[in-house]
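*Asks:* what follows is a predicted structure for the sequence shown.
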Number of protein chains: 2
Amino acid sequence: MLNQTAEYALRAMTWLAMTPERLVATSELAEHTKVPPHYLAKVLQQLAAADLVTGRRGVGGGYKIAREAGDITMLEVIRAVSPVERIRACPLGIESHGTVLCPLHKRADAVAKAVIEIYDQHTLKDIIEDDSPTPLCHARPQELGLPRQNGNGTANGHSPDA
Amino acid sequence: MLNQTAEYALRAMTWLAMTPERLVATSELAEHTKVPPHYLAKVLQQLAAADLVTGRRGVGGGYKIAREAGDITMLEVIRAVSPVERIRACPLGIESHGTVLCPLHKRADAVAKAVIEIYDQHTLKDIIEDDSPTPLCHARPQELGLPRQNGNGTANGHSPDA
């Protein structure tokens, strides 16, 4: 449902959505999101290629979110790193099937449709403004004393997730 | 949504559901379901371990479905070869999260729930009795002149998928 790369991408994007106005170094992002640094570097390149983050190399460099968190769906993040698609034609390439799916692929496509619809309904803003008592990974940036500046200024009152 | 092993398992089980009263050799099953023979042999072992098929080795050996097709859901077949589970506790093992999911995993779990519900709604009987004009893979057993004996005797009138 959510492969490891997609999960890493979502964790990284969620953190960057919480710190939208500063560059976050890959090492810092890796620490907060608990993603292995080398793996994260690769994921960030894919997110940059999909225009979801912008980055700057070198000292003081890092990544920041490229657009408003409310404008980026979970689906878009997942698709930046792994394909999540409807089944439009026979995956076996059986010519006579064409776009008429067999009973098996028809049901697999119904599942793909449901998955896509759910992930498309939720933006990164929904995630960072969710009132769950358990924030992403370890804590929210402001709980770690990090600058946050997410534009709406409404800090939430959750206690740190130590 | 449906990894390759799960897809192979479903194709094999669907074919065996259409030929429930005879042993089908792995090589024959591989040909009809278009699954690589060595891969299929491994999948069949997993299906046997999950009590979904029974097999006999040696000359004249092969596999047959272990239960009624109407009693086996797609979900059961998929779970025999790969985990499809709800997210019950923090996948990162963050102790303070426990079973209270973060906003990200809460949504991933909603997707898992939807996927499980859909695959649990459909049995192998639903698949083989579906009136899709495109049968599984290449054809139905009876269209290849193979014995079928699926118990209900209601052959369908679809033309071969040549």
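*Replies:* Arrived safely, thanks for sending.

*Asks:* give the buried residues for the lengthiest helix in chain A.
*Replies:* In chain A, assigned by DSSP state H, the helix with the most residues is helix A:103-121. Across helix A:103-121, burial judged by 16 or more other CB atoms under 10 Å in any protein chain shown covers A:103-112, A:114-116, A:118-119. No exception for glycine: its C-beta is placed from N, CA and C like everyone else's.

*Asks:* what residues does the residue nearest to residue A:64 when sequence neighbours are not counted make contact with?
*Replies:* Sequence neighbours aside, residue A:23 is the residue nearest to residue A:64 in space, at 5.3 Å (criterion: CB to CB, 6 or more residues apart in numbering or on different chains). Counting by CB atoms under 8 Å, 6 or more residues apart in numbering or on different chains, residue A:23 touches A:55, A:56, A:60, A:61, A:62, A:63, A:64.

*Asks:* ditto for residue A:115
*Replies:* Residue A:115 neighbours (CB under 8 Å, 6+ apart): A:1, A:84, B:1, B:111, B:114, B:115.

*Asks:* so residue A:40 sits right up against residue A:26, yeah?
*Replies:* Yes: counting by CB atoms under 8 Å, residue A:40 does reach residue A:26; the two are 5.9 Å apart.

*Asks:* helix or strand for residue A:30, which one?
*Replies:* helix A:26-33 (DSSP states H and E).

*Asks:* residues of that helix that come out buried?
*Replies:* So helix A:26-33, judged by 16+ other CB under 10 Å, has buried residues A:26, A:29, A:30, A:32, A:33.

*Asks:* can you read off the pLDDT for residue A:21?
*Replies:* Listed pLDDT for residue A:21 reads 90.

*Asks:* any idea what residue A:54 is bridged to?
*Replies:* Here residue A:54 sits in beta bridges with residue A:64, as judged by DSSP bridges.

*Asks:* state the distance from the residue nearest to residue A:64 to residue A:17.
*Replies:* Distance, residue A:23 to residue A:17, by CB to CB, to the nearest Å: 14 Å.

*Asks:* try residue A:88
*Replies:* 31 Å.

*Asks:* for these two, indicate the residue with more neighbours.
*Replies:* Set residue A:88 next to residue A:17 and count neighbours by other CB atoms under 10 Å in any protein chain shown: residue A:17 wins out with 24 against 10.

*Asks:* pretty sure the more buried one sits against residue A:70.
*Replies:* No: Residue A:17 lies out of contact with residue A:70 (CB under 8 Å); the separation is 9.2 Å.

*Asks:* for residue A:112, what are its contacts?
*Replies:* A:84, A:85, A:86, A:87, B:1.

*Asks:* count the neighbours of residue A:51 for me.
*Replies:* Per other CB under 10 Å, the neighbour tally for residue A:51 reads 11.

*Asks:* look up how far chain B lies from the spatially closest residue to it that is not a sequence neighbour.
*Replies:* In this structure, residue A:51 finds its nearest non-sequential neighbour in residue A:66, 5.7 Å apart by CB to CB, 6+ apart. To chain B, residue A:66 is 19 Å away according to CB to the nearest CB, to the nearest Å.
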